[in-house]
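>>> just coords:
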Ligand code: NAD
């Protein structure tokens with residue numbers, strides 16, 4: 001937890017807990033975060049599903065591969081799949097569930113084809129949701145609404161968003177809820193998404209909807225070092241969230257090329273040096289920057305596998321007082337330069353600097369979704385980043401590559417430490433986890449997108465905001 005969040009420290013003392021309960025203050029708990037060597041899930045996973053679902057085999061396989069101690073309810077195909085995957089799936093009844101603690105509840109809702117069947121959700125989660133452990137997980141899996149076969153199925157599947165988001169708001173003690181829409185035919189693409197969402201790597205991701213489609217074949221990877229042998233470019237890497245992204249991708253095995261403005265070359269070299277990476281000092285808005293970045297990556301590394309567009313600036317003023325320089329600089333750094341650099345890296349198709357199977361990850365912001373007072377320039381640029389992801393997803397999919405975005409909420413950095421106390425406290429607490437996230441939380445979401453196993457994860461914008469009330 002960040003040093004500056006004294007409230008969370010205080011509220012977790014015995015006296016703090018008494019005061020919190022008596023006057024109904026928010027009750028943040030320190031979130032569990034992943035460290036190398038940790039298991040994906042520590043504890044029991046309860047797997048359920050509506051009749052006719054298509055993910056029984058996938059779920060049983062993933063549960064077995066992560067070494068989960070799994071239970072499956074009485075649905076016959078789920079039990080058979082669990083047994084086939086070698087899982088010890090003990091008998092399950094709602095009454096028995098009420099006596100257990102679960103590290104995760106996973107529900108295959110793909111069998112729900114009309115609204116009347118949504119009651120399956122209540123039947124499964126009502127006796128179990130209060131049994132979710134501290135920092136536990138609730139994951140619902142559905143069918144992408146646009147890929148359904150009837151109006152009723154589409155309506156019922158769309159309903160899952162409301163269910164999952166509301167359940168996320170009811171979970172306590174650092175537990176989170178997510179919905180994954182799986183396209184028909186993409187059942188074998190789920191591994192990286194489930195591992196991310198079930199583990200403490202997704203500590204500050206809450207109330208999100210992720211779409212998984214049919215990408216290219218999922219390669220066999222070492223889950224401890226999924227980026228071994230890969231080259232990753234991270235812009236704005238000298239500090240804050242960028243430095244955390246660089247460290248996380250290096251932990252996952254990548255050679256990191258950190259980029260930042262020439263004025264910060266010293267700090268940049270300190271970051272990349274400590275990670276065994278390389279430093280590239282340039283301003284991404286310079287006219288020659290796209291060509292120079294492309295040429296450097298081609299010459300030094302033969303190409304690039306992962307590109308993280310993290311560099312960003314704010315120049316806040318209300319619209320009535322917004323001068324041209326503030327407006328232009330924010331659009332240039334946060335959006336226009338991102339597009340130019342992307343174009344330079346993907347130009348030339350088969351000879352492109354972005355390698356086959358490449359990954360591009362943009363850093364947007366919840367301000368780009370909800371808007372924010374005094375940030376018309378910033379919100380415009382960050383909404384544009386989400387548009388860039390939408391616009392490029394199909395082009396990249398055609399080359400076995402992907403593009404996604406993270407949209408951070410309140411993240412504890414030097415930038416947010418400077419916000420006046422009252423505004424800072426509001427930003428920090430106005431989310432389901434009642435606390436700010438850490439730079440590493442954004443970095444873990446980026447590492448998930450960057451994984452070679454995330455080939456079917458394309459065109460998503462995932463918020464890392466603890467289910468912020470803003471623009472929810
Ligand atoms: P930061 O200011 O600490 O870091 C941004 C980095 O980008 C700096 O090192 C800066 O020098 C670099 N940079 C800026 N302009 C550049 C340019 N023209 N060329 C090359 N490098 C340049 O900010 P941060 O809080 O770490 O934010 C990182 C990203 O996350 C940004 O895109 C920001 O908009 C986004 N974000 C942050 C938060 C938050 O709460 N901190 C919330 C939402 C989104």
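The structure has been received and is ready for your questions. As the structure is a computational prediction, the values presented were derived from the model and not from experiment.

>>> right, is the lengthiest helix in the chain up against the ligand?
Counting residues, the longest helix found in the chain (DSSP state H) is helix 376-397. No - Helix 376-397 does not reach the ligand (CB under 6 Å from any ligand atom); its nearest approach is 6.8 Å. Yep, even glycine has a C-beta here, placed from its N, CA and C like the rest.

>>> contacting residues for the residue of the stretch 301-450 of the chain found nearest the ligand?
With CB to the nearest ligand atom as the measure, residue 312 is the residue of the stretch 301-450 of the chain nearest to the ligand, at 2.2 Å. Contacts here follow CB atoms under 8 Å, 6 or more residues apart in numbering; on that basis residue 312 touches 236, 333, 334, 363, 365, 381.

>>> Narrow these to those in strands?
residue 363 (DSSP state E).

>>> follow-up on the earlier one: before we move on, what SS does the residue of the stretch 301-450 of the chain closest to the ligand have?
Counting by DSSP: H, G, I helix; E, B strand; the rest coil, the backbone at residue 312 sits in coil.

>>> After the longest helix of the chain, which helix or strand is next?
strand 402-408 (DSSP states H and E).

>>> any bit of that following strand sitting next to the ligand?
Yes - using CB under 6 Å from any ligand atom, strand 402-408 reaches the ligand at residue 408.

>>> Give the rounded mean pLDDT of that strand.
Per-region confidence: strand 402-408 scores 98 on mean pLDDT.

>>> what's the offset of that strand from the middle of its chain?
Using CA atoms, centre = their mean, to the nearest Å, the mean C-alpha position of strand 402-408 is found 8 Å from that of the whole chain.

>>> how big is the angle separating that strand from helix 376-397?
Relative orientation of strand 402-408 versus helix 376-397 (axes from the mean of the first three to the mean of the last three CA atoms, to 10 degrees): 150 degrees.

>>> State the distance from the spatially closest residue to residue 362 that is not a sequence neighbour to residue 360.
Distance criterion CB to CB, 6 or more residues apart in numbering; nearest residue to residue 362, sequence neighbours excluded, is residue 405 at 4.2 Å. Distance, residue 405 to residue 360, using CB to CB, to the nearest Å: 9 Å.

>>> Next, the buried residues of stretch 104-124.
Neighbour-count burial for stretch 104-124 flags 104-113, 117-118, 120-121, 124 (criterion: 16 or more other CB atoms under 10 Å).

>>> Filter those down to just the ones in helices.
Among those, the members falling in helices (DSSP H) are 120, 121, 124.

>>> could you dump those residues to JSON lines with distance to residue 160 and pLDDT?
Formatted as JSON lines, those follow (distance: CB to CB, whole Å; pLDDT from 0 to 100):
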{"residue": "120", "distance to residue 160": "11", "pLDDT": "94"}
{"residue": "121", "distance to residue 160": "8", "pLDDT": "96"}
{"residue": "124", "distance to residue 160": "13", "pLDDT": "91"}
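
>>> Of these, which is the nearest to the ligand?
Of all those, the ligand sits closest to residue 121, with 32.0 Å by CB to the nearest ligand atom.

>>> how about the strands in the protein?
44-49, 69-71, 102-108, 132-142, 176-182, 208-212, 231-235, 255-260, 278-281, 304-309, 354-363, 402-408, 461-464.

>>> lowest-confidence stretch among these?
Among the strands of the chain, strand 69-71 scores lowest, with a mean of 73.

>>> in the sheet, who's paired with the closest residue to the ligand within the stretch 51-200 of the chain?
Nearest residue of the stretch 51-200 of the chain to the ligand, counting by CB to the nearest ligand atom: residue 176, 18.7 Å away. Here residue 176 sits in beta bridges with residue 137, going by DSSP bridges.
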